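Engineer: Provided below are the primary sequence and the corresponding predicted coordinates.
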Amino acid sequence: MEKQLLFFFSALGAFNGLFLSVYFAFIGKKKNASHYFLSGLLFVISIRIIKSVFLQFKPGLSEVFIQVGLTACILIGPMLFLYVSSLTNKHLPKAWILHILIPLSAVITFSAIYPYWEFKRLWSPYFVKTIYFVWLLYIIAAGIKLRPLATQLIEKKQKLQDHQFWLLSVYFGVFFIWLGYNIGSFTSYIVGALSFSVVFYLIILFWVLKRKKSPMFFEPKEKYSNKKIIDDDVNELKQNLHKLLIKEQLFKNPNLKLNDVADKLQLAPHYLSQFLNDNLGKSFSLFINEYRIEAAKELLLANTNYTAEAIGYECGFNSKSTFFSTFKKVTGSTPSKYKG
């Protein structure tokens, strides 16, 4: 009975982690870079934990699955670092994909040359320790980014926002899981897996009790500070945004959302929202509609066979009435009068 209970509680957190991973990646309504990185983080941790649990209680487990679990482990650190970066920086790290591709390529290449089932003595004392060391390096790198939040929490000079508390909780949770695996060699191998379940449910319980009135604590709220973005950043963002909209003609998508544009620019959605509202004095819909109207004006003057209504649809408006009312609001004229 004791063994069955230990198996149950060790595996429970991992399978729930897999469920949340799928939720953030495919089911949740709001999707941006931070959601995908959180999904990836939960996924690779869960795969690693499931491998540990079944290896402990089912020693005859296929050694291919053991290698898959170790491969997932190399990505825990990078996923944590990218998740933290996506919520603390206005930009993701340049070439962020390399943080995933380089360690993943290294472990796949090593696995192909030295398969786990043939070179166990090489994996256990050397390569597994290297994987944990890489994990630790990324924990340190993420910790450096979170240092201001930790200082703010300790000194209590300024109250942390909900998403900042959540971010620190995730960070320390991953650190304790790493610690659980590394002290497992002195206690029990299952400590790392069990620590994930404990940390997972403590974090969820903490947030349910503390923020039960908050509908979303995984990301910053859309509200932003009263400080305007500095001029240099404004000019750079304005140019990048204009180039993106013109090059990819994003405004022609009638279902375009602010999150879609923010992801293309590798920005946090609240940062782009702040730029539009605070620095340009425009809502996202008005800003995009201005691009649509400019494209419509060109088509109206091009003497095409398109009707005014067809031009509206071509330029990204989802109804005739919206096109006509927006056109008059922006230009002071109707599409027919403008065409002459």
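Structural biologist: Yep, it's here. Numbers count the residues shown, from 1 in each chain.
Engineer: any weak-confidence spans in this protein?
Structural biologist: 1-14, 28-31, 52-62, 90-91, 156-162, 184-232, 303-304, 340 (pLDDT under 70).
Engineer: Could you tell me which helix of it is the longest one?
Structural biologist: Secondary structure of the chain read by DSSP state H shows that its longest helix is helix 128-155.
Engineer: Run through the helices of the stretch 151-300 of the chain in chain order.
Structural biologist: Counting by DSSP state H, counting those that start in this stretch, the stretch 151-300 of the chain has helices at residues 162-183, 191-210, 231-248, 258-265, 269-274, 284-301.
Engineer: will you turn those helices into a markdown table that also has mean neighbour count?
Structural biologist: Quick note: C-beta positions are derived from backbone N, CA and C, even for glycine. Shown next, in a markdown table, are the helices of the stretch 151-300 of the chain (neighbours: other C-beta atoms under 10 Å):
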| stretch | mean neighbour count |
| --- | --- |
| helix 162-183 | 19 |
| helix 191-210 | 18 |
| helix 231-248 | 13 |
| helix 258-265 | 18 |
| helix 269-274 | 20 |
| helix 284-301 | 18 |
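Engineer: Those helices into JSON lines, with extra columns for distance to Tyr338?
Structural biologist: Formatted as JSON lines, the helices of the stretch 151-300 of the chain follow (distance: least, C-beta to C-beta, whole Å):
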{"stretch": "helix 162-183", "distance to Tyr338": "45"}
{"stretch": "helix 191-210", "distance to Tyr338": "53"}
{"stretch": "helix 231-248", "distance to Tyr338": "21"}
{"stretch": "helix 258-265", "distance to Tyr338": "27"}
{"stretch": "helix 269-274", "distance to Tyr338": "30"}
{"stretch": "helix 284-301", "distance to Tyr338": "6"}
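Engineer: In this structure Leu241 contacts Leu267, no?
Structural biologist: No - using C-beta atoms under 8 Å, Leu241 makes no contact with Leu267, being 9.3 Å away.
Engineer: which ones are touching the closest residue to Leu146 other than its chain neighbours?
Structural biologist: Among residues not flanking Leu146 along the chain, Tyr171 sits closest, at 5.7 Å (C-beta to C-beta, 6 or more residues apart in numbering). Counting by C-beta atoms under 8 Å, 6 or more residues apart in numbering, Tyr171 touches 80, 84, 139, 142-143, 146.
Engineer: mind checking how far Tyr171 is from Ser336?
Structural biologist: With distances taken as C-beta to C-beta, to the nearest Å, Tyr171 is found 59 Å from Ser336.
Engineer: what do you get for Thr71?
Structural biologist: Note on Thr71: its distance to Ser336, by C-beta to C-beta, is 63 Å.
Engineer: between these two, who's got more neighbours?
Structural biologist: Higher neighbour count among Thr71 and Ser336: Thr71, with 21 against 12, using other C-beta atoms under 10 Å.
Engineer: Would you agree that one is in contact with Phe110?
Structural biologist: No - under the criterion of C-beta under 8 Å, Thr71 makes no contact with Phe110, lying 9.6 Å away.
Engineer: ok, Phe317 - contacts?
Structural biologist: Neighbouring residues of Phe317 by C-beta under 8 Å, 6+ apart: 254, 289, 292, 323, 326.
Engineer: Looking at those residues, which is nearest Ile100?
Structural biologist: Each of the contacts of Phe317 was scored against Ile100 by C-beta to C-beta, and Pro254 proved nearest at 33.2 Å.
Engineer: Now do the same contact list for that closest one.
Structural biologist: Applying C-beta under 8 Å, 6+ apart, the residues near Pro254 are 313, 316-318.
Engineer: rerun that using 7 Å as the cut-off
Structural biologist: 316-318 (C-beta atoms under 7 Å, 6 or more residues apart in numbering).
Engineer: ok, now Ala72?
Structural biologist: Residues near Ala72 by C-beta under 7 Å, 6+ apart: 44, 47-48.
Engineer: and the end-to-end length of stretch 261-271?
Structural biologist: Criterion C-alpha to C-alpha, to the nearest Å; first-to-last residue distance in stretch 261-271 is 12 Å.
Engineer: and it, how far out from the chain's middle?
Structural biologist: Centre-to-centre, stretch 261-271 and its host chain are 11 Å apart (C-alpha atoms, centre = their mean, to the nearest Å).
Engineer: Make 111 the starting number, not 1.
Structural biologist: Shifting the count to begin at 111 puts that one at stretch 371-381.
Engineer: quick one: Leu289 and Trp227, what's the gap?
Structural biologist: 29 Å.
Engineer: Quickly find the element holding Ile176.
Structural biologist: Assigned by DSSP states H and E, Ile176 falls within helix 173-183.
Engineer: Return the alpha-carbon coordinates of that helix using PDB.
Structural biologist: Taking Å, rounded to 0.1, in the frame of the first residue of the first chain, the C-alpha atoms of helix 173-183 are listed here in PDB:
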ATOM      1  CA  GLU A 173      15.500   1.900 -22.200                       C
ATOM      2  CA  VAL A 174      14.300   3.900 -25.200                       C
ATOM      3  CA  PHE A 175      11.800   5.700 -22.900                       C
ATOM      4  CA  ILE A 176      14.600   6.300 -20.400                       C
ATOM      5  CA  GLN A 177      16.600   8.100 -23.100                       C
ATOM      6  CA  VAL A 178      13.500  10.100 -24.100                       C
ATOM      7  CA  GLY A 179      13.200  11.300 -20.500                       C
ATOM      8  CA  LEU A 180      16.800  12.300 -20.300                       C
ATOM      9  CA  THR A 181      16.500  14.200 -23.600                       C
ATOM     10  CA  ALA A 182      13.500  16.100 -22.300                       C
ATOM     11  CA  CYS A 183      15.600  17.000 -19.200                       C
END
